[in-house]
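Participant: have a look at this fold, sequence not included:
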């Protein structure tokens, strides 16, 4: 399976990146802070306002190294897209599929089946791993409700109905979510999901991790030649990566939520890593973001067995493999989209 | 679609694709239809070794031999285009005139390959296709060519017989047909999948595992009970 290489996060806001003999060179004023071989990198996320040289951009495009630019506070600007997007027949198949309500619904059902299945197993795992700490009765009740939703999803006949079931399932799942937080309960608690802006530390952490996973999905989709902006469940809206939002659904519980819980329960992320703004919104500080991202890199290297392909791959490749399976479905190689079921 | 004058130029395929296609139809389709390409060590090694052979400027003339490198070729009737690594032209009374050269010349195509001679005909088919292009371009007959293997440093002479020519025509026809339909075939997996540079895109495992529907049923039904 494809190699998962490192991501280079450039978080110092006033450095400049350039190319020298296939190395990324990180400059600050007249100093060279680092030199990294391009071939050892999967992607570069640059949070510096000074940016990168055109020759580095060109080489990244050629080698298929992802290069994305963000504001120092984390607002996404743009990415370099190389020559890997020539698969025009695939994209046409994607658009045809997206225009077809029946086909779109079948796919959307797969994504949501994956999401609810995985949500359920996050609760089941917590029951097993922390039986003495958690409210087993509440987790069992909520898990049972999610099992109901799974049945409803399979029988559902419209996108509207599917969205309704998804909403209920999300409520049922998050109702038990606070039970999964085992440490520093005064600082980290969960009542409901808030996003714009996140109003407590747990929501702030979840929001940040969701954006990281969604970004990985955008890169994975682009990497296999799909258009991340044309979705099946999320409808087109200018500037919204709808397909990445569709794809990320099945990963939220296992890749994002569990990761957030681990960070809190092991004390990697603490109260001091957050700041509250004037609008009441809570956000990670720079050092908090760094702590999350460096753990994220390690997490991505951990191995699992892919449930459908039965092959050992790293967590970081899961979005890529699912994007590839999606592409294979659209080109007619598969009879359905196999969601990533985690147990 | 092929007309009375052969295929229109827009529909020409890459000649070297015949090698991929005879190796695995799916691999060819992934590269040429789906436009996916990844380099593994085999293709990278091949590319590096090819550097010198593919240098038209390095063409030379030695007495009765004229050596042309990286000669661009095509065939309207086959609907393909590509390049010959090396074509040796021998001065010969059986030969054909060449523009800007005195005398008559007989072309002899040589294709450079890394590794060694193989049992399958992929390399021979490519050579034969190149010869068929040259025959059409120069209006001559080319009964023989050679494969040069870098690992063994051996030249293998290849007689371009009717069987080989028939196979070349047949394969290109199948390739044109798939290209026209935009279809990527599903094929049997085998030992060769392990060394294939497109394994990660092809996902040969797909053809071994259960269907996606069975997989979903198994997980969700078991779970819901």
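Facilitator: Ah, there it is. Computed from a predicted model, the values in this text were never measured in an experiment.
Participant: low-confidence ranges, the stretch 1-150 of chain A, go.
Facilitator: Within the stretch 1-150 of chain A, the stretches falling below the threshold (pLDDT under 70) are A:1-5, A:73-76, A:82-85, A:131.
Participant: which residues of it lie near chain B?
Facilitator: Those residues of the stretch 1-150 of chain A that sit near chain B, judged by C-beta under 8 Å from any C-beta of the partner chain, are A:1-2, A:86-90, A:110, A:113, A:117, A:120, A:147, A:150. In this view, the C-beta of every residue, glycine as well, is placed from N, C-alpha and C.
Participant: and residue A:9, which of the three is it?
Facilitator: Per DSSP: H, G, I helix; E, B strand; the rest coil, the secondary structure class of residue A:9 is strand.
Participant: who does it bridge with?
Facilitator: According to DSSP bridges, the partner residues bridging residue A:9 are residue A:45.
Participant: what is the host helix or strand of residue A:109 packed up against?
Facilitator: Element membership of residue A:109, judged by DSSP states H and E, is helix A:101-129. Packing contacts for helix A:101-129, counted by 3 or more C-beta pairs under 8 Å, 6 or more residues apart in numbering or on different chains; DSSP states H and E, involve helix A:88-99, helix A:136-155, helix A:159-175, helix A:242-248, helix B:212-224.
Participant: export those to CSV and tack on distance to residue B:20?
Facilitator: Conversion of the helices and strands packed on helix A:101-129 to CSV gives the following (distance: least, C-beta to C-beta, whole Å):
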stretch, distance to residue B:20
helix A:88-99, 18
helix A:136-155, 41
helix A:159-175, 41
helix A:242-248, 30
helix B:212-224, 27
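Participant: turn the ones you listed into a markdown table, including distance to residue A:229 and mean neighbour count.
Facilitator: Supplementary listing: these in a markdown table, determined by distance: least, C-beta to C-beta, whole Å; neighbours: other C-beta atoms under 10 Å in any protein chain shown:
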| stretch | distance to residue A:229 | mean neighbour count |
| --- | --- | --- |
| helix A:88-99 | 10 | 16 |
| helix A:136-155 | 25 | 17 |
| helix A:159-175 | 18 | 17 |
| helix A:242-248 | 6 | 24 |
| helix B:212-224 | 25 | 16 |
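Participant: for residue A:12, find the nearest of those.
Facilitator: Closest approach to residue A:12 among the helices and strands packed on helix A:101-129 (C-beta to C-beta): helix A:242-248, 27.5 Å.
Participant: contacts for the closest one?
Facilitator: The contact list for helix A:242-248 (C-beta atoms under 8 Å, 6 or more residues apart in numbering or on different chains) reads A:94, A:107-108, A:111, A:210, A:213-215, A:217-218, A:220-221, A:226-236, A:319, A:322-323, A:326.
Participant: so how far is that helix from its chain's centroid?
Facilitator: Taking C-alpha atoms, centre = their mean, to the nearest Å, one finds the center of helix A:242-248 at 9 Å from the center of the full chain.
Participant: what of stretch A:146-153?
Facilitator: On the basis of C-alpha atoms, centre = their mean, stretch A:146-153 sits 24 Å off its chain's mean C-alpha point.
Participant: between the helix holding residue A:109 and helix A:159-175, how big is the angle?
Facilitator: When axes from the mean of the first three to the mean of the last three C-alpha atoms, to 10 degrees is applied, the directions of helix A:101-129 and helix A:159-175 differ by 10 degrees.
Participant: list the buried ones in helix A:101-129?
Facilitator: Judged by neighbour count using 16 or more other C-beta atoms under 10 Å in any protein chain shown, the buried positions of helix A:101-129 are A:104-105, A:107-127.
Participant: residues near residue A:290, how many?
Facilitator: A total of 14 residues lie near residue A:290 under the criterion other C-beta atoms under 10 Å in any protein chain shown.
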